[in-house]
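> what's the 3D shape of this:
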Amino acid sequence: MAIKRWSPSQIVSRQEKFILGRLKRNGKLYSFLRRHRHQLFDDAFQLELEAMYRDTGAGKDANPPALMAMVLLLQSYAGASDATAVELSLLDLRWQMVLDCLGAVEPVFSQGALFDFRERLIAADLDRRLLERSRELALETKAFDPKKLPKTLRVAMDSSPLEGAGRVEDTINLLGHAGRKIVACVAQLLGWTEERVCREAGSPLLFESSVKKALDLDWSDPAEKATAIPALIEQLTLLERWVTSRLPDELNHPPLDQHIATLHQIIGQDLEPDPGDKGRLRIRQGVAEDRRVSIEDKEMRHGRKTKSKRFNGYKRHLGIDLDTLLVLAVAVLPANRPEQEAAPALVADIAAQGLTIDSLYIDRAYINAPIVDEILARRGKVICRPWLAHNGEHFGKSAFVLNMRDRTITCPAGEQQFITLGAKVEFPAETCRDCSLRPKCTDARPERGRSVATAENELLQQRLRKRAATSAGREELRERVPVEHRQSHTCRRQGRHARYFGSRKNEFDLRRASTVSNLELIQRRLEPSLTLVIARAA
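Residues are numbered from 1 along each chain as shown. Here you go, the predicted model:
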């Protein structure tokens, strides 16, 4: 199938001059995209985009891929849905100017075509290339003076929460939702109504709009509340048995196998045997590791930004160039995954651009990432605040002398012990018991001495503490602040709530938002020269 290439005019028409003149204060990115669209989507990049399509001659004629990619950028900039994007291409002169379709009376693309293009872009991982093109455009337009930029690359990483799009439910509603998914799937396979499936399977609770409503219990009564899980599990078990006998050939094929697996996952993570009633299940005491919190979005997880602030969804991670403030790479992971797990993906995307990180500016959550050791091994710089060791009113870890060469630690009273990195050091109980400094050191029981934890990267932590104690070291730490500003700006563009289900699609959305953020930065850098060009054109 021959793909039509997007070849927008580079000549500014009279109507476009009028529109550009109205964009001097608001919507400046529209003006920028109009003037640089041919550079952003050059022939080489368009060829990459065209490679997403089969060359078989089958199927409908595709819209020019570069045109659709531009629509995705405009959609992010305007915060529009797919349906609204179609309407804006007809009703907004700014969109029509950028898309080179001024005067169009019919949509230049459909909602389905936009969905299909986005899926292709994600599958081909070309949303990453879209972000990379924004950096390449910054170099091509000389938005940054290469003579003033350092030869080494300084990268800062940061994360922020992204609330998931899936509904977060408690255990009873999760079980009911999982069961209703099975009912809906079976009803479609058999051509029955969902009510008939529930009746035939002996699971009437699942036909009600709310499982809790169907149970009709006094939830303030502990005895009645305790009967909810057994009653619901009984009907879910009957449903699975009925499905097994009725549709044995479908059990190992999607989507039915996926829905049944989801039900088993919820039961396994949220329920446990009831010790007071053999054979029955109850809600688990405590929270299972990696607990699933949503049926619709299986990747969402509980996460914490701080000890007191919890959220449900994902963490979005940015890696920026501190000297240009351009976003170089992004990653999206479930909210319960530690920051250090995102670092390899960020580093890989940066390396794919032919770049090597010489100095890394991070917060403590990234300190155990593999890239830290790699940078230190090649004598690069890692700038990070050290871990703080608090011990109330007692002597803190800083009161002890750590000798990393001899691997010893000496307490304030002069007692010395050997250390193993990553392990806890315990001083002898008999020595600590008679020590005059004991009241200031520990309130442990008499049979225990003072203990001090050491990190596996204790040597690095020692270096960071010494560096942070100097004025120059504190100045270096402050150089990381711009990444927090870029994170705030980019995430405001994407929004606090996820647009899609799943980490990969939300990573696409973050890459797109970061591309727009980069383009806005380039536009501001070039603004004086752009103003001069517009004035001359007028």
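
> longest single helix anywhere in this protein?
helix 503-537 (DSSP state H).

> Identify each buried residue in it, please.
For helix 503-537, burial by neighbour count (16 or more other Cβ atoms under 10 Å) applies to 503, 505-523, 525-526, 530, 534. Where C-beta positions appear, they are placed from N, C-alpha and C, glycine not excepted.

> for it, packing partners?
helix 14-21, helix 28-40, helix 65-78, helix 111-123, helix 126-140, strand 310-321, strand 327-334, helix 481-494 (3 or more Cβ pairs under 8 Å, 6 or more residues apart in numbering; DSSP states H and E).

> what's the closest of these to residue 276?
strand 310-321 (30.5 Å; Cβ to Cβ).

> helices and strands around that closest one, which ones?
strand 153-163, strand 301-304, strand 327-334, helix 343-351, helix 481-494, helix 503-537.

> Go through those and find the least confident stretch.
If you rank the helices and strands packed on strand 310-321 by mean pLDDT, helix 503-537 sits at the bottom with a mean of 83.

> wait, doesn't residue 507 sit right on residue 330?
Yes - in this structure residue 507 lies within contact range of residue 330 using Cβ atoms under 8 Å: 6.6 Å.

> Give the burial count for residue 488, as a bare number.
12 (other Cβ atoms under 10 Å).

> give the contact list for it.
By Cβ atoms under 8 Å, 6 or more residues apart in numbering, the contact set of residue 488 is residue 160.

> again, only this time at 10 Å
158, 160 (Cβ atoms under 10 Å, 6 or more residues apart in numbering).

> For residue 313, see how far away it is.
Distance of residue 488 to residue 313, given as Cβ to Cβ, to the nearest Å: 18 Å.

> Repeat that for residue 190.
Residue 190 sits at a distance of 35 Å from residue 313 (criterion: Cβ to Cβ).

> Between those two, which has more neighbouring residues?
Comparing residue 190 with residue 313 by other Cβ under 10 Å, the one with more neighbours is residue 313, at 28 against 14.

> how near is the nearest residue to the more buried one once chain neighbours are set aside to residue 300?
Nearest in space to residue 313, with sequence neighbours left out and distances taken as Cβ to Cβ, 6 or more residues apart in numbering, is residue 164 at 3.2 Å. From residue 164 across to residue 300, the span is 4 Å (Cβ to Cβ).

> overlap in contacts of these two?
Common contacts of residue 164 and residue 300 (Cβ under 10 Å, 6+ apart): 293, 294, 312, 313, 314, 334, 335, 498, 501, 502, 503.

> Identify the residues contacting the closest residue in space to the last one that isn't next to it in sequence.
Right, the one you point to is residue 503. Nearest residue to residue 503, sequence neighbours excluded (Cβ to Cβ, 6+ apart): residue 332, at 4.8 Å. Neighbouring residues of residue 332 by Cβ under 10 Å, 6+ apart: 159, 162, 299, 313-317, 342, 345, 498, 502-511.

> what do you get if the cut-off is 7 Å, keeping everything else the same?
Contacts for residue 332 (Cβ atoms under 7 Å, 6 or more residues apart in numbering) come out as 162, 314, 316, 503, 506, 507, 510.

> now, which of those residues sits nearest residue 477?
Nearest to residue 477, judged by Cβ to Cβ, of the contacts of residue 332 is residue 316 at 22.8 Å.

> hang on, the closest one packs against residue 510?
Yes - Residue 316 lies in contact with residue 510 (Cβ atoms under 7 Å); the separation is 5.2 Å.

> Where does the prediction get shaky in this protein?
For the chain, applying pLDDT under 70 flags the ranges 1-2, 55-61, 528-538.

> Roughly how far does the nearest residue to residue 23 once chain neighbours are set aside sit from residue 519?
Leaving aside its chain neighbours, residue 23 sits nearest to residue 31 (4.4 Å; criterion: Cβ to Cβ, 6+ apart). For residue 31, the distance to residue 519 equals 11 Å [Cβ to Cβ].

> again, but for residue 453
Separation of residue 453 from residue 519 (Cβ to Cβ) stands at 47 Å.

> go on, residue 439?
According to Cβ to Cβ, residue 439 and residue 519 sit 62 Å apart.

> Once you drop chain neighbours, what's closest to residue 343?
residue 369 (3.5 Å).

> burial count for that neighbour?
Neighbour count for residue 369, taken as other Cβ under 10 Å: 23.

> thinking it is in contact with residue 345, fair?
No - contact criterion Cβ under 7 Å: residue 369 and residue 345 do not qualify, at 10.5 Å.

> quick one, phi psi at the residue of the chain positioned farthest from its centre?
Distance from the C-alpha centroid of the chain, by Cα atoms, centre = their mean, peaks at residue 434 (53.1 Å). Phi and psi for residue 434, reported as degrees, to the nearest 10, are phi -100, psi 0.

> Going forward, the N-terminal residue is numbered 28.
Let's use 28 as the start, then, which means that last one is residue 461.

> The nearest residue to residue 424 once chain neighbours are set aside and residue 439: what is the separation?
Computed as Cβ to Cβ, 6+ apart, the closest residue to residue 424 that is not its neighbour in sequence is residue 416, at 3.6 Å. Note on residue 416: its distance to residue 439, by Cβ to Cβ, is 14 Å.

> Please apply the same query to residue 410.
Using Cβ to Cβ, residue 410 is found at 30 Å from residue 439.

> Give me the more crowded residue out of the two.
Neighbour totals were compared for residue 410 and residue 439, and residue 410 leads with 20 against 14 (other Cβ under 10 Å).

> so what's the more buried one bridging to?
Per DSSP bridges, the residues bridged to residue 410 are residue 388.

> What residues does the closest residue to residue 298 other than its chain neighbours make contact with?
Excluding its sequence neighbours, the residue lying closest to residue 298 (Cβ to Cβ, 6+ apart) is residue 308, at 4.4 Å. Contacts for residue 308 (Cβ under 7 Å, 6+ apart) come out as 256, 257, 260, 298, 299, 300, 301.

> Now do the SS call for the fifth one.
On the three-state scheme (DSSP: H, G, I helix; E, B strand; the rest coil), residue 299 is labelled strand.
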